[in-house]
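K.L.:
predicted model and sequence below, questions to follow.
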Amino acid sequence: MIKAYLDHASATPLRKEVIRAMEPFYGQYFANPMTIYDLGTGVKEKVEEARAQVADLLGAAPERIVFTSSGAEANNMAVKGVALANRKKGNRVIVSAVEHHSVLNSARFLERLDYEVTFLPVDSNGQLDPERLAKTLDEDTVLVSVMHANNEIGTIQHIAAMAALCKDKGVFFHADCVASVGQIPIGVEELGVDLLSISAQPIQGPKGMGALYVRKNVRTMPLIHGGIQERGMRAGTENVPGIIGFGVAAELAAKEIDENRKKLESLRNDLIHGIRERVPKATLTGHPEQRLPGHVSYCFQAIEGEALIFLLSQNGIYANTGSACASKALKLSPVLGALGVAPDVAQGSLVFTLNRTNNRQEIEHVLDTLPGVVERLRMMSPLWKDEIETAE
Amino acid sequence: MYTQKVMDHFASPRNVGEMPDADGIGEVGNPACGDMMTVYIKVEDNRIVDLKYKTFGCVAAIAVSSIVSEMSKGLTLEEAKKMSKKAAAEELGGLPKEKMHCSNLGADALLKAIEDYEAKRDGRKSKDAGPEKEVKTAEDAPEAGSDRHLCAGCGKENPEGASFCMHCGHSLKS
């Protein structure tokens, strides 16, 4: 049976080059990079090379990169760190309503510390209007955090326009680029951001690795206090194999970004159009054009996402859903809610996230399988009858 | 996360379908919370002789519907009414904690179908058997006219954007 792994937002397999580069740093080059003898200084040099590789992917200076344990930690550090370090400057933080939980819950944490937090709504495509942000910014605002692209609906935001608005007002701007890294170019100067988060997994680097870019003269505060690793911005002995792997993954991602993007866009368009043609009552979620090259998200009426995911996996197809039934907390995806998708329609959510390892044969397999699987669940759904009646 | 038996019933659900000449119909759940079940029963000599259902929901909801259809066939109405809320989950070899409500749903749907049958048999009006039953108008509902999303069927409040009532499953689309 053909297997089609299309859940790269959840996890990716490490690239062979990455594994090969990491391997010696588990045994042979085990020394602590903070030590002053040659065993340690040699490792330190390799860590700094990796930092330069990650910085290159973002068009940043290496010393502006702080390695973290994840994209989530980088987001936490940006939101909490900047708010806490600049409290004298202002007390207000603005985030979009469709941010990742690591940003949303960091913002909610700040609310408990009596910060004023504004969650800005998005339009039905998931985009935040820069005009709306302009109207919301005030003297008291210290930080705005908006994701570059959304992991659930693939929508790309107008980051450069929003970052420019903030720059004019002297407000720090953070972009969560975890979903977009490796898919579309991310340049800290082109985007004009003050802080930017990425992680290694989306580019087939190791799990447990993230990075935060912090522009010079942006005051922030560490979350983990202790030693002077990462220029005092993050204590704890470096995850050396992780850092080395991240560096290699970043270098390869930067080199292949154009080729990668073209390939993904072509596969994505085939999948989007194929589903539209073959599955009735299917709604594309997110922006129809301004979306990630490898992102396809739909809602299918009258069926539920968890059941859909299981039936697809029995056919070798691996995808994701924002359905409440698939989450342990039984909560519907807040992102779909923010777009105004009705709760019963959002239950039928399906998300495909492609990467460079996917091919046309896999997309064909999905298009051959999905219509039948959706049909099968609809045939046993008490809602489907109603759907047909309303359609006529 | 699911037992072999759950996956088996999910992959090949037994007795799926509708029953145009059903003696009793029970509908529970609501699409906004992700699960909805419609159970049709055929009763002869006080026994359930056939059961069909349609289910909108997750793996657990579908497997529960299927196992309930097997468990209840041949039972007297009294026996079927006594089926505990946990019975379906137990018969399936267990369900994840957060999915136990799906087991309740199966027992509830069966109970409603029996109540519907009994109400028809006794010539009473069924209280809450399904959307095709007589419903109150929106004017009867408390707080009608306010901007809250009120169900025309049972008058209870629902979250904005819900297409079906969280409480009785009645369509909220006007």
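P.N.:
Here it is on my side, so go on. Numbering: from 1, shown residues only, chains lettered A, B, ... in the order given.

K.L.:
what sits against A:Lys88?
P.N.:
With contact set as Cβ atoms under 8 Å, 6 or more residues apart in numbering or on different chains, A:Lys88 has no partners. Backbone N, C-alpha and C define where each C-beta goes, glycine included.

K.L.:
tell me where the model's unsure across chain A.
P.N.:
A:386-392 (pLDDT under 70).

K.L.:
with adjacent residues omitted, what lies nearest to the residue at minimal distance from the centre of it?
P.N.:
The structure's chain A has its C-alpha centroid closest to A:Ala179; by Cα atoms, centre = their mean the separation is 2.5 Å. Spatial nearest neighbour of A:Ala179, excluding adjacent residues (Cβ to Cβ, 6 or more residues apart in numbering or on different chains): A:Asn151 at 4.2 Å.

K.L.:
skipping adjacent residues, who's closest to A:Gln157 in space?
P.N.:
Using Cβ to Cβ, 6+ apart, the closest residue to A:Gln157 is A:Val146 (5.4 Å).

K.L.:
can you count the residues close to the one you found?
P.N.:
26 (other Cβ atoms under 10 Å in any protein chain shown).

K.L.:
helix/strand/coil for it?
P.N.:
Classification of A:Val146 using DSSP: H, G, I helix; E, B strand; the rest coil returns strand.

K.L.:
quick one: the residue nearest to the centre of chain A from A:Val95, how far?
P.N.:
15 Å (Cβ to Cβ, to the nearest Å).

K.L.:
go on, A:Val144?
P.N.:
With Cβ to Cβ as the criterion, A:Val144 and A:Val95 are 7 Å apart.

K.L.:
kindly report the same for B:Leu110.
P.N.:
46 Å.

K.L.:
more neighbours, the two?
P.N.:
Taking neighbours as other Cβ under 10 Å, B:Leu110 and A:Val95 compare with B:Leu110 leading, 30 against 26.

K.L.:
what helix or strand does that one sit in?
P.N.:
helix B:100-121 (DSSP states H and E).

K.L.:
gap between that helix and the chain center?
P.N.:
Averaging C-alpha coordinates over helix B:100-121 and over its chain gives two centres that are 6 Å apart (Cα atoms, centre = their mean, to the nearest Å).

K.L.:
report the mean per-residue pLDDT for it.
P.N.:
When pLDDT is averaged over helix B:100-121, the result is 93.

K.L.:
same check, this time on stretch B:41-57
P.N.:
96.

K.L.:
dump the C-alpha coordinates for that stretch into CSV.
P.N.:
Taking C-alpha atoms only, stretch B:41-57 is exported to CSV below (Å, rounded to 0.1, in the frame of the first residue of the first chain):
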residue,chain,number,x,y,z
ILE,B,41,-36.0,0.4,16.9
LYS,B,42,-38.5,-2.2,15.8
VAL,B,43,-40.4,-3.8,18.7
GLU,B,44,-42.4,-7.0,18.7
ASP,B,45,-43.9,-8.6,21.8
ASN,B,46,-42.2,-6.2,24.0
ARG,B,47,-38.8,-7.1,22.5
ILE,B,48,-36.4,-5.1,20.4
VAL,B,49,-36.2,-7.2,17.2
ASP,B,50,-34.3,-4.8,15.1
LEU,B,51,-32.2,-1.7,15.6
LYS,B,52,-30.6,0.7,13.1
TYR,B,53,-28.8,3.9,13.7
LYS,B,54,-27.0,6.8,12.1
THR,B,55,-24.1,8.5,13.9
PHE,B,56,-22.2,11.7,13.4
GLY,B,57,-19.1,11.6,15.5
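
K.L.:
can you tell if that stretch touches chain A?
P.N.:
Yes - using Cβ under 8 Å from any Cβ of the partner chain, stretch B:41-57 reaches chain A at B:Lys54, B:Thr55, B:Phe56, B:Gly57.

K.L.:
among those residues, which lie within strands?
P.N.:
Those of these mapping onto strands are B:Lys54, B:Thr55, B:Phe56, per DSSP state E.

K.L.:
I'd like these as a markdown table, with distance to A:Ile156 appended.
P.N.:
Shown next, in a markdown table, are these (distance: Cβ to Cβ, whole Å):
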| residue | distance to A:Ile156 |
| --- | --- |
| B:Lys54 | 40 |
| B:Thr55 | 38 |
| B:Phe56 | 33 |
